[in-house]
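**Q** I'll drop the sequence and a predicted model, then ask my questions.
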Amino acid sequence: MNILYFLVGCSVIMALIFLGAFVWSLKNGQHDDVVTPGMRVLFDDEIDEESES
């Protein structure tokens with residue numbers, strides 16, 4: 001039964017770490033632009049003739 005208390009405690013600590021990382025990413029603007037990355041796939045990249053040779 002003691003191992004169960006230990007595992008529950010570890011999972012709560014890990015959940016708090018992941019929640020802190022998520023809140024940190026929200027405050028730093030990681031999730032601000034969700035449209036552009038999806039649209040970037042639709043456009044072809046222009047091929048530079050100078051870089052081909």
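**A** Alright, I've got the coordinates. Residues are numbered from 1 along each chain as shown.

**Q** what stretches of the protein score poorly on pLDDT?
**A** Scanning the chain for pLDDT under 70 picks out the ranges 44-53.

**Q** and Ser11, how many neighbours?
**A** A total of 10 residues lie near Ser11 under the criterion other C-beta atoms under 10 Å. Where you see a C-beta, it was placed from the backbone N, CA and C, and this is true even at glycine.

**Q** hang on, I meant Tyr5
**A** 9.

**Q** now swap in Leu19 and tell me
**A** Per other C-beta under 10 Å, the neighbour tally for Leu19 reads 10.

**Q** contacts only, for it.
**A** If you count contacts by C-beta atoms under 8 Å, 6 or more residues apart in numbering, Leu19 has none.

**Q** ok, it to Pro37 distance?
**A** From Leu19 across to Pro37, the span is 24 Å (C-beta to C-beta, to the nearest Å).

**Q** ok, longest helix in this protein?
**A** helix 2-27 (DSSP state H).

**Q** need the next SSE after that one, C-terminal direction.
**A** As assigned by DSSP states H and E, the chain's next helix or strand after helix 2-27 is helix 36-40.

**Q** nice, that's everything, thank you.
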